[in-house]
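Colleague: everything below, folded, please.
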Amino acid sequence: MRCAHRRGRRSLRRVRDRAYVRKSRSIAEQERAECRGHAVGMTNSHASQSPSRMLPGFAQRIFPPHSIAAIAAELREQGIDPSGVLEGTGLVIGQLESHTTRISYRQLDTVIRNALRLASDPAIALRAGARMHVTAYGMYGYALLSSATHAEARDFAARYIRVVGPFCDFGLSYDGETVVATFQPMHWPNPTESVHRFAVEFALAAHLTTIRDRSGQSFGFSRVLLDYAPPPSTAAYRGLFECPVLFNQHHCGYEYGRNDGPRALANPRTHAMAREMCEEILGEVNRAGGVAADIRRILIEQPGSYPSIEAIAEQLDIYPRALRRRLEAEGTSYRSLLAEVRTRLAIEYLRKTRMTNEEIASRLGYSDAANFRHAFLRWTGRNPSEFRGDEGL
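Modeller: Numbers count the residues shown, from 1 in each chain. Sure, this is the predicted structure:
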């Protein structure tokens, strides 16, 4: 009886694995054109997530295209054919105006890299992000506009930001009468890369525009903090934000004066309806991380003693070969995911602790500091000591 039970369980597992892989292959086939040329880039650019909030998948097409539309519109404004920015995405310009179009972070990554290549304006991300008015965000935007108070709007913005496919995740805290917003790029953790800076610049400008839409054009940040060196677009920062801008900080974000008071456009019925729809969309986003999200969670929960893919397969109750096929269908691999997790953790340790290279190496599962230094140089183009020195630590 026991052997028959095991055989039945193995048979059920094979059926489930095959069904998943068939579905994943179908999705992968539709997206194959956009995947070309990213095998190397994803290892360095595709980020891991914080332990508390898992990242949505890199390949799943579940987000509206409004951010890509803003980039295309800004390129057109600058006299550049916007169709070029869609090269390699499988998208055409007409789809950016359709409410049925859905995009993935992989497509967004391609668009960012194309924009950096095509644009001569170093402030392209700031100018494109400034086009993101609150109504561009659909129900998320209407929920913000109809919130009862400014405090409720802030909390809603942070809780549901992922429904819009943002460039950066963000959280809020308070320092007396100051609101402190902290950014973390969704899939581009390396502050030495131009895609990281593009994501942060776009998000900063978009936040400023949407808060002004709901709070009035007199709103402004009191301070902006950035985790990279001053870029060529530094002058544009001063012109847009009109406040102190600090580079080489431990994190990215902004601060402004706190206002918890009532909002003029408050509408409880509209807000309740929009919130309900955003809750449904957030559930879809959270379910769309795929098996890669499960593996990231397992790796982050076990720093320094990373399990093998065979051990992870056992935890997920699937065969190792089937797990590899699932990851391949999602456009990644166990080695890439492990590199992503190690990259994010290494950057966090170097920025926020005084741990030695030997201690960080041990935390990341390396046998010695030399192996860690070589890996960090491969990820970021700098060794750990240079990174700490450039960060002013």
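Colleague: and stretch 68-85, what's buried?
Modeller: 68-72, 74-75, 80, 82, 85 (16 or more other CB atoms under 10 Å). C-beta: built from backbone N, CA, C; applies to glycine.
Colleague: list the contacts of it.
Modeller: With CB atoms under 8 Å, 6 or more residues apart in numbering as the test, stretch 68-85 has contacts from 86, 89, 91-93, 96-97, 103, 107-108, 111-112, 114-115, 118-121, 124, 127-129, 131-132, 136, 202.
Colleague: generate a PyMOL selection restricted to the buried entries among those.
Modeller: Of those, the buried ones can be selected in PyMOL as follows, counting by 16+ other CB under 10 Å:
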select buried, resi 86+89+91+96+103+107+108+111+112+114+115+118+119+121+124+127+128+129+131+132+136+202
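Colleague: tell me the one of the buried residues of stretch 68-85 nearest D317?
Modeller: Distance to D317, by CB to CB, is smallest for I68 among these, at 37.6 Å.
Colleague: the closest one and E276, how far apart?
Modeller: As for I68, its distance to E276 is 27 Å (criterion: CB to CB, to the nearest Å).
Colleague: of the buried residues of stretch 68-85, just say which sits nearest to S308.
Modeller: Of these, the one sitting nearest to S308 (CB to CB) turns out to be I68, at 38.1 Å.
Colleague: give the helix, strand or coil label for the closest one.
Modeller: I68 falls in the helix class when you classify it by DSSP: H, G, I helix; E, B strand; the rest coil.
Colleague: and what of F170?
Modeller: strand.
Colleague: wait, it sits on M186?
Modeller: No - look at F170 against M186 with CB atoms under 8 Å: they stay out of range, at 10.2 Å.
Colleague: mind putting the buried residues of stretch 68-85 in a markdown table, distance to L350 and pLDDT included?
Modeller: Shown next, in a markdown table, are these (distance: CB to CB, whole Å; pLDDT from 0 to 100):
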| residue | distance to L350 | pLDDT |
| --- | --- | --- |
| I68 | 33 | 97 |
| A69 | 37 | 97 |
| A70 | 33 | 97 |
| I71 | 31 | 98 |
| A72 | 36 | 97 |
| E74 | 34 | 97 |
| L75 | 35 | 97 |
| I80 | 37 | 96 |
| P82 | 38 | 95 |
| V85 | 34 | 97 |
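Colleague: now these as JSON lines including distance to S308?
Modeller: Formatted as JSON lines, these follow (distance: CB to CB, whole Å):
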{"residue": "I68", "distance to S308": "38"}
{"residue": "A69", "distance to S308": "43"}
{"residue": "A70", "distance to S308": "43"}
{"residue": "I71", "distance to S308": "40"}
{"residue": "A72", "distance to S308": "44"}
{"residue": "E74", "distance to S308": "46"}
{"residue": "L75", "distance to S308": "45"}
{"residue": "I80", "distance to S308": "47"}
{"residue": "P82", "distance to S308": "46"}
{"residue": "V85", "distance to S308": "40"}
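Colleague: out of these, which is nearest to A153?
Modeller: A70 (21.6 Å).
Colleague: residues touching the residue nearest to that closest one when sequence neighbours are not counted, list them.
Modeller: Computed as CB to CB, 6 or more residues apart in numbering, the closest residue to A70 that is not its neighbour in sequence is R131, at 4.3 Å. When contacts are counted by CB under 8 Å, 6+ apart, R131 touches 70, 73-74, 209.
Colleague: so I300 is in contact with R342, correct?
Modeller: No - in this structure, I300 is not within contact of R342 by CB under 8 Å, at 10.3 Å.
Colleague: neighbour count for those two, which is higher?
Modeller: R342 (23 against 18; other CB atoms under 10 Å).
Colleague: phi, psi of E284?
Modeller: Torsion angles at E284 (phi, psi; degrees, to the nearest 10) stand at phi -60, psi -40.
Colleague: mind listing what it touches?
Modeller: I62.
Colleague: also I62?
Modeller: Counting by CB under 8 Å, 6+ apart, I62 has contacts 56, 102, 104, 165, 284-285, 288.
Colleague: same question, F58
Modeller: 42, 46, 104-106, 109, 187, 292, 330-332.
Colleague: flag the shaky bits of the stretch 201-350 of the chain, pLDDT-wise.
Modeller: Low-confidence segments of the stretch 201-350 of the chain (pLDDT under 70): 289.
Colleague: which residues in this structure form strands?
Modeller: Listed in chain order, the strands of the chain (DSSP state E) span 168-175, 178-185, 223-225, 245-246, 252-257.
Colleague: those strands into a markdown table, with extra columns for mean neighbour count?
Modeller: Listed next are these as a markdown table, based on neighbours: other CB atoms under 10 Å:
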| stretch | mean neighbour count |
| --- | --- |
| strand 168-175 | 15 |
| strand 178-185 | 20 |
| strand 223-225 | 20 |
| strand 245-246 | 14 |
| strand 252-257 | 21 |
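Colleague: tell me which of those strands lies nearest to S367.
Modeller: strand 178-185 (29.7 Å).
Colleague: and that closest one, what's its mean pLDDT?
Modeller: Strand 178-185 shows an average pLDDT of 94 in the prediction.
Colleague: pull the CA atoms of that strand into CSV?
Modeller: Provided in CSV are the C-alpha atoms of strand 178-185 (Å, rounded to 0.1, in the frame of the first residue of the first chain):
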residue,chain,number,x,y,z
THR,A,178,8.3,65.2,7.9
VAL,A,179,7.1,62.4,5.5
VAL,A,180,10.1,60.2,4.4
ALA,A,181,9.6,58.1,1.3
THR,A,182,12.2,55.5,0.5
PHE,A,183,12.7,54.0,-3.0
GLN,A,184,14.0,50.7,-4.1
PRO,A,185,14.1,49.9,-7.9
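Colleague: could you report the neighbour count for the residue nearest to T356 when sequence neighbours are not counted?
Modeller: Closest residue to T356 apart from its sequence neighbours, by CB to CB, 6+ apart: A369 at 7.6 Å. Neighbour count for A369, taken as other CB under 10 Å: 16.
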